[in-house]
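**Q** generate a structure from the sequence data that follows.
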Amino acid sequence: MKPLRHLHRLILAISVSLLTLPAFAHHGDAGRYIEEVIDLTGTVVTLLFINPHSQLILDVTNESGESVRWHAEFSNPNRMNSDFGWTREILKPGDRVTLTGRQLKSGAPFINLTERAQVVMTDTGEQIFKTRNFVSSEPDQTP
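**A** Model (predicted):
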């Protein structure tokens, strides 16, 4: 009987371990992004409303006048819809947007918009996304 009891315990331990794997699979920032937020203005190429993180791909003109393809990462589509009212149609190719978020420390054209971030329609000034902990990149103008 004892070997059977040990087998049941082993099966239970393996089952619990497998159930907790998804929790360990999700990663944090782990220091991948700069602490300061940056502003970025560009033209939407596409919005990828996908799991586990939605992405916005846009073309941004750099200081040299060259177009650079940037990727912006958001939360998952369900959260973007329930918390911010986003659908696949909220941004269309050709829309001009200004993003505020944190860039990868490597300097790669990738910006994180899951915290301390916002998205504004450049032409109208309409804010269509803002995280709860958004902090402007502009210095405080209060006297």
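**Q** so what's residue 34 up against?
**A** By C-beta atoms under 8 Å, 6 or more residues apart in numbering, residue 34 lies in contact with 102-105. Quick note: C-beta positions are derived from backbone N, CA and C, even for glycine.
**Q** out of the residues you listed, which is most surrounded?
**A** Greatest neighbour count in these, by other C-beta atoms under 10 Å, goes to residue 102: 21 neighbours.
**Q** any idea what that one is bridged to?
**A** Going by DSSP bridges, residue 102 is paired in beta bridges with residue 112.
**Q** now for it: which residues touch it?
**A** 33-38, 111-112, 115-117.
**Q** buried residues, the lengthiest strand in the chain. List them.
**A** Across the chain, the longest stretch assigned as strand under DSSP state E is strand 38-48. Residues of strand 38-48 classed as buried by neighbour count (16 or more other C-beta atoms under 10 Å): 40, 42, 44-45, 47.
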